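Engineer: fold the following.
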Amino acid sequence: MEELDLKKLETRVDDLIKAVDRLQHENKTLRDSQTHLTKERNQLIEKTELAKTRVESMITRLKALENE
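Structural biologist: Sure, this is the predicted structure:
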């Protein structure tokens, strides 16, 4: 009976080790993905700001031409 309990415990420990390994891998994948998405977001914000600046500049020039 004791050997059977020990085998169950060993199996359970092995299952937990596998679960920890899987979760560590999943966490790394999610962190890498978050880093990538954050960089992409920052690039898109920069592009948006650049486009906004260009549009504002065009509007200013058009208003200046209109006033001439």
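
Engineer: name the helix or strand for the one residue sitting closest to the centre of the chain, please.
Structural biologist: Centroid check for the chain by C-alpha atoms, centre = their mean gives Gln34 as the closest residue, at 1.6 Å. Using DSSP states H and E, Gln34 sits in helix 2-67.

Engineer: avg pLDDT for that helix?
Structural biologist: When pLDDT is averaged along helix 2-67, the result is 96.

Engineer: and that helix, how far out from the chain middle?
Structural biologist: 0 Å (C-alpha atoms, centre = their mean, to the nearest Å).

Engineer: thinking again about what came up before, from Glu40, how far out is the residue nearest to the centre of the chain?
Structural biologist: 11 Å (C-beta to C-beta, to the nearest Å). Quick note: C-beta positions are derived from backbone N, CA and C, even for glycine.

Engineer: for Arg61, same thing?
Structural biologist: 32 Å.

Engineer: what's the answer for Val13, then?
Structural biologist: Relative to Glu40, and taking C-beta to C-beta, Val13 is found at 41 Å.

Engineer: what of Glu49?
Structural biologist: From Glu49 to Glu40 the distance is 15 Å (C-beta to C-beta).

Engineer: what's the answer for Lys63, then?
Structural biologist: 35 Å.

Engineer: same thing with Asp15?
Structural biologist: 37 Å.

Engineer: same check on Ser57?
Structural biologist: In terms of C-beta to C-beta, Ser57 sits 26 Å off from Glu40.
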